[in-house]
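Asks: Here's my sequence, what's the structure:
(chains A and B)
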Amino acid sequence: GESVGLHLPTLSVQEGDNSIINCAYSNSASDYFIWYKQESGKGPQFIIDIRSNMDKRQGQRVTVLLNKTVKHLSLQIAATQPGDSAVYFCAENSYSGNTPLVFGKGTRLSVIA
Amino acid sequence: NAGVTQTPKFQVLKTGQSMTLQCAQDMNHEYMSWYRQDPGMGLRLIHYSVGAGITDQGEVPNGYNVSRSTTEDFPLRLLSAAPSQTSVYFCASSPASRAYGYTFGSGTRLTVV
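Replies: Numbers count the residues shown, from 1 in each chain, chains lettered A, B, ... in the order given. I've put the predicted structure just below:
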């Protein structure tokens, strides 16, 4: 099976509960942030993004919150389902620049049925 | 529309061998990049390209070469494989504006013995 993510922080959540995954970033110049979901054996998949001129953005069952003061990003998943089990990464870069995305180390979400 | 296609999916090499990991995208994306993913390390950037004929180094470029002769293809070459290069490799692409994050391939799992 997929060995990536063996030593990642793990969040265990009961099915139906809400999940909150946190991410800290360090670059004050970053103004674009993205959350990715990576299922076992697959590449990362885009979930939701947010620009620094926003504090909150909502998608289908997901919400991203951005706190620029403390350089903190969170992903909230409502009514967590077994299919949400995966590793979640945050990524940052400059929206207008030419710098590559920088990824956080990831958090494994485990949904308990 | 196949997105980002990586080949091979799995590869075993002996120390000192060379090989090329292939990456192709059919979305006319200008920006392409290669990441490696190791347990507990997240995604680390190896090389990237902002367009045909232009490449640059990422965080961990040593032991790898790239070229970008066409918009569609961005191969990654391992010059002399080492056990430390055992990893899962992901190729990603995005539009020139990079406004929508990256589209990832499904990865190549490389083992160097």
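
Asks: what residue ranges in the chain score low on pLDDT?
Replies: With no chain named, the answer covers chain A. Scanning chain A for pLDDT under 70 picks out A:1-7, A:95-98.

Asks: meant chain B actually
Replies: For chain B (pLDDT under 70), the answer is B:1, B:96-100.

Asks: secondary structure class for the most centrally placed residue in it?
Replies: Most central in chain B under Cα atoms, centre = their mean is B:Trp34, positioned 3.0 Å from the mean C-alpha point. Recorded secondary structure, B:Trp34: strand (DSSP: H, G, I helix; E, B strand; the rest coil).

Asks: wait, it sits on B:Pro61?
Replies: No. In this structure, B:Trp34 is not within contact of B:Pro61 by Cβ atoms under 8 Å, at 9.5 Å. Using the backbone N, CA and C atoms, a C-beta is placed for each residue, glycine as well.

Asks: joint contacts of these two?
Replies: Listed contacts common to B:Trp34 and B:Pro61 are B:Ile46, B:His47; contacts here mean Cβ atoms under 8 Å, 6 or more residues apart in numbering or on different chains.

Asks: sorry, back to before: what bridges to the residue nearest to the centre of chain B?
Replies: On the basis of DSSP bridges, B:Trp34 takes part in beta bridges with B:His47, B:Cys91.

Asks: B:Gln11 now?
Replies: Per DSSP bridges, the residues bridged to B:Gln11 are B:Leu110.

Asks: Okay, and the most centrally placed residue in chain A sits in which element?
Replies: Nearest residue to the geometric centre of chain A (Cα atoms, centre = their mean): A:Trp35, 3.7 Å. Assigned by DSSP states H and E, A:Trp35 belongs to strand A:32-38.

Asks: and after that strand, which helix or strand comes next?
Replies: Following strand A:32-38 in sequence, per DSSP H and E, is strand A:45-51.

Asks: Let me know whether that next one sits next to chain B.
Replies: Yes. Strand A:45-51 is in contact with chain B by Cβ under 8 Å from any Cβ of the partner chain, via A:Gln45, A:Phe46, A:Asp49.

Asks: quick revisit: so the residue nearest to the centre of chain A sits against A:Leu75, correct?
Replies: Yes. Using Cβ under 8 Å, A:Trp35 is in contact with A:Leu75, at 4.8 Å.

Asks: who touches both of those two?
Replies: Common neighbours of A:Trp35 and A:Leu75 (criterion: Cβ under 8 Å, 6+ apart): A:Ile21, A:Ile47, A:Ile48, A:Val62, A:Val64, A:Tyr88, A:Cys90.

Asks: Quick check: the farthest pair among those?
Replies: Comparing all pairs in those by Cβ to Cβ, the longest separation belongs to A:Val62 and A:Cys90, at 12.7 Å.

Asks: The two: which is more packed in?
Replies: More crowded of A:Val62 and A:Cys90, by other Cβ atoms under 10 Å in any protein chain shown: A:Cys90, with 26 against 17.

Asks: Strands along chain A, start to end?
Replies: If DSSP state E is used as the criterion, the strands of chain A fall at A:10-14, A:19-24, A:32-38, A:45-51, A:56-58, A:62-67, A:72-77, A:86-93, A:102-103, A:107-112.
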